[in-house]
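Asks: Let's see this in three dimensions:
(chains A and B)
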Amino acid sequence: MSVENNAKSDTRPVYKATTFQHTSKSNNKKRAWKSLKQIISAERTLPWPEDYVHYSSINAPPSFKPAEKFSDLSGLAAPYTDPQTRLRFANKEEYATLIGLPMDITAGYLALRGASSIVG
Amino acid sequence: MDILEFKDLKPVPDIIYDYNESYNGIPVIIDNGSYHCRVGWLNQNEPSLIFRNLIAKPRKERIKKDCPEGSQTPQLQVGNDIVNIEAVRFQLKTQFDRNVVTHFEAQEHLFDYTFTHLGINTEKCVPHPVVITEALLNPNSSRQLMSELLFECYGIPSLAYGIDTLFAYHFTHNKPDENALIVSLGYHTIEIIPVLNNCTIFVNARRINTGGYHVISFLHRILQLKYPAHANAITLSRAEELLHSICAVAIDYKEELLRWTDTEYYENNIKRIQLPYSVASTSALTVEQQKERKRELAKRLAEINARKREERLAEDEEKLNQLLTIQEMIDVDDDDVDVIDKVLTDHQIKNVEDLHKNINLLHSRIERTKEKIVAANNVEEITVDEPTPAKQTKFNKMVFENEKAMHVFLQNVKKMRQDILNKKSARKQRRQDMAKRRTAAGQERMRIISQLARKEKGHDDFGLRDEDWDIYKTISREGGDSDSEAENDKLMELDDIIRAHEPSEADESLTPGESYQLHIGIERYRGPELLFKPYMMGSSEAGLTEVIGYVLSLFNAKDQLKLAANVVLTGGLANLSGLRERIQSDLISIRPFKSYLHVGIISNPSLSAWYGMKKWIKSADLKKHFVTRQEYDECGSEYFKVHIASNLYVPSPRGHIIDICD
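Replies: Just a heads-up that it's a prediction; the model follows:
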């Protein structure tokens, strides 16, 4: 511990205050910093004035248009879906490659599209 | 067709600038972006430091392993110190969560880096006012800790906050109109900020949580999935390079996709990118070399063992001699008990009997070691005499009596190979059929299962014959046998034989490195398209054009006209080719017929925020816009002064200060 302190003070730049500690960190070094999500939810519970605009209140609205379907492999417009792997494909050549793909690749494509959840 | 190569640019470590009297009290300008941080003095034209807002912190266990004495302090790399970013990819940390600073220890490291490289060497304080950017509608708790850090740790005299995008628009755009719709395309977020009469309309601003970072990782992932063999060579920094070098925004994405289905267009527009590769040495040589190396290793091991044995022998003999002299001493004169006792204890021996026992033990041990040495020498001779028999010649060319015999043999080998391949594909087909319900195979399987499940009271003779159990093989999806290891081995062996006897032309026509090329076609447009279609990566948020349309719809028709007449793009991604044209054409389609519309790009979108801040300080009244240390002490750590390019100051409700830690 003392060794660590020595090392730290050696490298500490001269212009820094020697006593400074992050106030909210002081009691326990192991505590993690709050994530943005936690900050936002904590902030929302406070009694703000009516017209206050939060960081979270300017989130973009959800899309009102239906999502277009594109082939997972090539990116072309994809009219078909393979019922087994759930991958989308544009033509029969793509289907031929698609059925030969190993599981990790098909799962990777689905995860990238955010379609890997069983429920969705 | 040219073949492009990755430049893999590495950051150059920053120098430590000179610091002297002339900098007395000159403000420091920090554009703290989630991608780059740009820092400079007010009296300079360009920022002195531009670095990635990243630190690479080696993990604790790792440090212990690397330097067990703990003498070396942990090597923390900050900003441009990180020369090879891919090497430390998993240790990277940033102070940002999205575009908000949340990790203030990391921020402290980055400020240390900043002020050290500016050359500041004053005792216990940084005697310069600081202007720093923050996120649009930055949560108070984040700002509070930032002020705390700057005032209390670095002892700065005064501080001002502002929004990078607004600095850029109000102070670097030529003739900034008082009404504008600013679109800031950042690394983590895209912000759409309406400004009316030089007033930021915060209520109607919107933020899309998709940015350059997402485009880069999307591109990275689709390329990795397209080329699984090169997954490790396709790195995030290379994806980033691709985004800036060859990617573009399609003006009409659907039309662009249609064009790519044309082979001629494909051939003309595809980009070939060469990955670094090394020419692999031919396998025939390596087999020989490997054997040679193995033999050498074995030889060396044998030598080491022999040396050890010799040493042990010498040691034992020496000890035996000593003990023998002691025995002689005892034999010669029994009188001098004291001396003998002393000598015995020196050799850790209790009494004379023990001495005899030890001597016998040593005798037998020496005997054994000698035997071993002899045996080992014999073995060595054998191995040297007989260098690796039969096995080695297996794949080497067999000798045939004539051409015809070889031909027949080859034909046979090829047939065997084809048989295995056929078996494999039949199995694959069967697996596929089994998985589907409607095929004949699938229905047959269901029939058998239902028959098995049927219970008939009285006579159940299943299992009387051994063949009964085979039914389970028939109904298993694998069809009883799967691609076995032995089969794969055999296939490889056959391939080797065929290659050895008739080298095919296909192998040689392949120029070295061609298999190390990435062909990037639609991906050039597919990556940036993510900005307009975040659902391509599973986000439910609306895309860029839709949100711009949405923001406009929040205003009355008159204000909509004012805003649409001056759409300004800023942020690092604004430079993407085709982006301005795309937004323009998309907006035309959603705006009323023939209404006026203009989309422009701010000059130098990456650095404009920094230039804007510089200009702002020059025009601003320092007293009016900077919070001094005294004001900080009086008004609390979340206090700041509002100006044209800042957020709104809304103090947190009393008694509800948020702890930013868990």
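
Asks: tally of neighbours for residue 103?
Replies: Picking chain A for this. Neighbourhood size, residue A:103 [other CB atoms under 10 Å in any protein chain shown]: 8. Backbone N, C-alpha and C define where each C-beta goes, glycine included.

Asks: Chain B was what I was after
Replies: Quick note: residue B:103 (other CB under 10 Å) scores 20 neighbours.

Asks: got a list of what it touches?
Replies: Contact analysis of residue B:103 by CB atoms under 8 Å, 6 or more residues apart in numbering or on different chains lists A:33, B:93-97.

Asks: one more time with 10 Å
Replies: A:32-35, B:55, B:93-97, B:109, B:145, B:660 (CB atoms under 10 Å, 6 or more residues apart in numbering or on different chains).

Asks: Okay, and the beta partners of residue B:160?
Replies: Per DSSP bridges, the residues bridged to residue B:160 are residue B:131.

Asks: Tabulate the contacts of residue B:103 in TSV, adding columns for secondary structure.
Replies: Formatted as TSV, the contacts of residue B:103 follow (DSSP: H, G, I helix; E, B strand; the rest coil):
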residue	secondary structure
A:32	coil
A:33	strand
A:34	coil
A:35	coil
B:55	strand
B:93	strand
B:94	coil
B:95	coil
B:96	strand
B:97	strand
B:109	helix
B:145	helix
B:660	coil
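
Asks: which of those residues are buried?
Replies: A:33-35, B:55, B:94-97, B:109, B:145, B:660 (16 or more other CB atoms under 10 Å in any protein chain shown).

Asks: Of those residues, just say which sits nearest to residue B:87.
Replies: residue B:55 (14.3 Å; CB to CB).

Asks: what residues are up against the closest one?
Replies: B:76-79, B:81-82, B:88, B:91-95, B:103, B:105-110, B:112-113.

Asks: Output the contacts of residue B:103 as CSV; include the columns pLDDT.
Replies: Below are the contacts of residue B:103 laid out as CSV (pLDDT from 0 to 100):
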residue, pLDDT
A:32, 75
A:33, 85
A:34, 87
A:35, 90
B:55, 93
B:93, 90
B:94, 92
B:95, 93
B:96, 94
B:97, 91
B:109, 92
B:145, 91
B:660, 53
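
Asks: Could you list the domains of chain A?
Replies: By the assignment in automatic domain parsing, chain A contains the domains A:33-62, A:64-120.

Asks: Show me the shaky parts of the chain.
Replies: Chain wasn't specified; assuming chain A. The model of chain A has pLDDT under 70 over residues A:1-11, A:23-31, A:118-120.

Asks: Wait, chain B was what I had in mind.
Replies: Scanning chain B for pLDDT under 70 picks out B:1, B:60-74, B:279-287, B:333-337, B:379-401, B:455-458, B:477-484, B:503-512, B:655-662.

Asks: How about stretch B:433-442 and chain A, touching?
Replies: Yes: contact of stretch B:433-442 with chain A (CB under 10 Å from any CB of the partner chain) involves B:435-436.

Asks: if we can go back for a sec, tell me the one among the buried ones among the contacts of residue B:103 nearest to residue B:453.
Replies: For the buried ones among the contacts of residue B:103, the nearest to residue B:453 is residue A:35 (52.7 Å; CB to CB).

Asks: Find the nearest non-adjacent residue to that closest one, please.
Replies: residue B:97 (5.5 Å; CB to CB, 6 or more residues apart in numbering or on different chains).

Asks: in the sheet, who's paired with that neighbour?
Replies: Beta-bridge partners of residue B:97, as defined by DSSP bridges: residue B:100.

Asks: Can you flag the buried ones in the contacts of residue B:55?
Replies: For the contacts of residue B:55, buried by 16+ other CB under 10 Å: B:76-79, B:81-82, B:88, B:91, B:94-95, B:103, B:105-110, B:112-113.

Asks: And residue B:263, how close does it get to residue B:269?
Replies: For residue B:263, the distance to residue B:269 equals 11 Å [CB to CB, to the nearest Å].

Asks: Looking only at neighbour counts, state which of these two leads.
Replies: The residue with more neighbours, out of residue B:263 and residue B:269, is residue B:269; 15 against 8, by other CB under 10 Å.

Asks: Sort out for me which of the buried ones among the contacts of residue B:55 are in helices.
Replies: Counted as lying in helices by DSSP state H, out of the buried ones among the contacts of residue B:55, are B:105-110, B:112-113.

Asks: How about the contacts made by residue B:81?
Replies: B:11, B:13-14, B:51, B:54-56, B:75, B:113, B:117.

Asks: Can I get the buried part of those residues as one ChimeraX selection?
Replies: Applying 16+ other CB under 10 Å to the contacts of residue B:81, the buried members can be selected in ChimeraX as follows:
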select /B:14,51,54,55,56,113,117
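
Asks: Mind checking which of the contacts of residue B:81 are in helices?
Replies: Going by DSSP H, the helices hold B:113, B:117 from the contacts of residue B:81.

Asks: out of the contacts of residue B:81, which one sits closest to chain A?
Replies: Nearest to chain A among the contacts of residue B:81, counting by CB to the nearest CB, is residue B:113 at 9.6 Å.

Asks: excluding its backbone neighbours, what's nearest that closest one?
Replies: Going by CB to CB, 6+ apart, residue B:113 has residue B:78 as its nearest residue, at 4.2 Å.

Asks: Equivalent analysis for residue B:154, please.
Replies: Counting by CB to CB, 6+ apart, residue B:126 is the residue found nearest to residue B:154 once chain neighbours are left out, at 4.5 Å.

Asks: Residue in chain A with the shortest distance to chain B?
Replies: residue A:114 (1.6 Å).

Asks: For that residue, grab the count of nearby residues.
Replies: Residue A:114: 15 neighbours (other CB under 10 Å).

Asks: Tell me who's in contact with the residue nearest to it when sequence neighbours are not counted.
Replies: Residue nearest to residue A:114 in three dimensions, not counting chain neighbours: residue B:538, with 1.6 Å by CB to CB, 6+ apart. Listed by CB under 10 Å, 6+ apart, the contact partners of residue B:538 are A:67, A:110-117, A:120.

Asks: Apply 8 Å and report the result again.
Replies: Counting by CB under 8 Å, 6+ apart, the residues that residue B:538 touches are A:112-115.

Asks: Repeat that for residue B:448.
Replies: By CB under 8 Å, 6+ apart, the residues touching residue B:448 are B:471, B:474-475.

Asks: Can you tell me the SS state at it?
Replies: Secondary structure state of residue B:448, per three-state DSSP, is helix.

Asks: so how far is residue B:454 from it?
Replies: The value you get for residue B:448 to residue B:454, if CB to CB is used, is 11 Å.

Asks: do residue B:616 as well
Replies: 85 Å.

Asks: The two: who's more crowded?
Replies: residue B:616 (23 against 7).

Asks: which ones are touching the residue lying closest to that one once chain neighbours are set aside?
Replies: Spatially, and ignoring its direct neighbours in sequence, residue B:616 is nearest to residue B:171 (5.2 Å; CB to CB, 6+ apart). Residues in contact with residue B:171 (CB under 8 Å, 6+ apart) are B:611-616, B:619, B:645.

Asks: now do 7 Å
Replies: Going by CB atoms under 7 Å, 6 or more residues apart in numbering or on different chains, residue B:171 touches B:612, B:615-616.
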